[in-house]
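K.L.:
How does the following fold in three dimensions:
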Amino acid sequence: MRIALYQAQSGIDPAANAERLAAAVREAAAGGAAMLFTPEMSGMLDRDRERALGKARDEADDLVLATVLEAAKEAGIWVHLGSLALKGEGGKLVNRGFVIDDRGEVRARYDKIHLFDVDLPSGESWRESAMYQAGKGAVVVDGTPVGRLGLTICYDLRFPELFQRLSEAGAEVIAVPAAFTVPTGRAHWQVLMRARAIEAELFIVAAAQAGRHEDGRETYGHSLVVDPWGEVILQMTQEPGLAFAEIDLGRISDVRARIPVHQHRRAIPPVAN
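P.N.:
Sure thing, here's the model as predicted:
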């Protein structure tokens, strides 16, 4: 199965980002991909709270979502729209990903569960929970071109329990759209992606934001596709653009036959004091 990853450099203007996404959908379809994967915050990347809140829309009124739905329908391609910042409840936003089929219909939604609250040695400080409300449930989507697709977003990567839950629910591929900071990306991006793929014994597809953005931040890029053995099938650089990869779901059964981790999982008892 041929897939495409769009490595974006999203800015603060949703309309401009929507145009770039539509172009990526068309390019992915023209390149023979059955499904396109895009990064976290594909519609707007803006650390200015008031400006972002002012531009955010309800799902039904979001220009970026509407544009991608139409582009997917016209191109006849599935799209995992990594995430959009949409209006939620209580004056906060939701960080929501979408699976869109080749008829331009939403097949699944996922709200990011684990929010990025951290102080980095570089001086960067992030409080995603101040602006976003957390999701409440894991999601696996049936019938996609890549089989059963499990959904996560960025910081979820650091919580292996979620990936195990998705694997146990039958996921064959897990999407990890991201906007990783450069310091954490250099240290942990590839090693964590490979670890999650090995632990869950499935494919990881991680489309990322890359480069310096209009709001002043810099993201790591290096979008990845990793197979169940932990081998890197695709790794992009830090430049925005589109790349293609081939996924063979038969690889999952091959790996599980070699190391049948699923047959040996046991409930871990509490740690004794």
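K.L.:
Let me know the average pLDDT across stretch 254-268.
P.N.:
Averaging pLDDT along stretch 254-268 gives 74.
K.L.:
Equivalent analysis for stretch 30-50, please.
P.N.:
94.
K.L.:
Please apply the same query to stretch 210-227.
P.N.:
96.
K.L.:
List the buried residues of that stretch.
P.N.:
Buried residues in stretch 210-227, counting neighbours by 16 or more other CB atoms under 10 Å, are found at 210-211, 213, 217-227. C-beta here means a position set from N, CA and C on the backbone, and glycine is covered the same way.
K.L.:
of the residues you listed, closest to Glu246?
P.N.:
Val225 (8.9 Å; CB to CB).
K.L.:
Can you lay out the buried residues of stretch 210-227 as JSON lines showing distance to Asn95 and secondary structure?
P.N.:
As requested, the buried residues of stretch 210-227 are exported to JSON lines (distance: CB to CB, whole Å; DSSP: H, G, I helix; E, B strand; the rest coil):
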{"residue": "Ala210", "distance to Asn95": "18", "secondary structure": "strand"}
{"residue": "Gly211", "distance to Asn95": "20", "secondary structure": "strand"}
{"residue": "His213", "distance to Asn95": "16", "secondary structure": "coil"}
{"residue": "Arg217", "distance to Asn95": "15", "secondary structure": "coil"}
{"residue": "Glu218", "distance to Asn95": "20", "secondary structure": "strand"}
{"residue": "Thr219", "distance to Asn95": "15", "secondary structure": "strand"}
{"residue": "Tyr220", "distance to Asn95": "18", "secondary structure": "strand"}
{"residue": "Gly221", "distance to Asn95": "19", "secondary structure": "coil"}
{"residue": "His222", "distance to Asn95": "21", "secondary structure": "coil"}
{"residue": "Ser223", "distance to Asn95": "18", "secondary structure": "coil"}
{"residue": "Leu224", "distance to Asn95": "20", "secondary structure": "strand"}
{"residue": "Val225", "distance to Asn95": "22", "secondary structure": "strand"}
{"residue": "Val226", "distance to Asn95": "23", "secondary structure": "strand"}
{"residue": "Asp227", "distance to Asn95": "27", "secondary structure": "coil"}
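K.L.:
export these to a markdown table and tack on distance to Asp142?
P.N.:
Compiled in a markdown table, the buried residues of stretch 210-227 are given as follows (distance: CB to CB, whole Å):
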| residue | distance to Asp142 |
| --- | --- |
| Ala210 | 31 |
| Gly211 | 35 |
| His213 | 35 |
| Arg217 | 36 |
| Glu218 | 37 |
| Thr219 | 31 |
| Tyr220 | 32 |
| Gly221 | 31 |
| His222 | 30 |
| Ser223 | 25 |
| Leu224 | 24 |
| Val225 | 21 |
| Val226 | 22 |
| Asp227 | 21 |
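K.L.:
List the contacts of stretch 237-257.
P.N.:
By CB atoms under 8 Å, 6 or more residues apart in numbering, the residues outside stretch 237-257 that reach it are 1-9, 24, 27-28, 31-33, 146-147, 172-173, 201-203, 205, 210-211, 220-223, 225, 227-229, 233-234, 236, 262.
K.L.:
Distance from that stretch to the middle of the chain?
P.N.:
14 Å (CA atoms, centre = their mean, to the nearest Å).
K.L.:
could I get that stretch in CSV with only the CA atoms?
P.N.:
This file holds the C-alpha atoms of stretch 237-257, laid out as CSV (Å, rounded to 0.1, in the frame of the first residue of the first chain):
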residue,chain,number,x,y,z
THR,A,237,14.6,16.0,6.7
GLN,A,238,13.5,19.4,8.1
GLU,A,239,12.3,20.7,4.8
PRO,A,240,8.5,21.0,4.2
GLY,A,241,7.2,18.8,1.4
LEU,A,242,5.6,15.5,0.4
ALA,A,243,7.1,12.0,0.6
PHE,A,244,5.9,8.5,-0.2
ALA,A,245,6.3,5.1,1.4
GLU,A,246,5.1,1.6,0.9
ILE,A,247,3.4,-0.3,3.7
ASP,A,248,3.0,-4.1,3.6
LEU,A,249,0.6,-5.2,6.4
GLY,A,250,1.9,-8.8,6.0
ARG,A,251,5.0,-7.6,7.8
ILE,A,252,3.0,-7.5,11.0
SER,A,253,2.3,-11.2,11.1
ASP,A,254,5.9,-11.9,10.1
VAL,A,255,7.3,-10.0,13.0
ARG,A,256,4.8,-11.4,15.5
ALA,A,257,5.8,-14.9,14.4
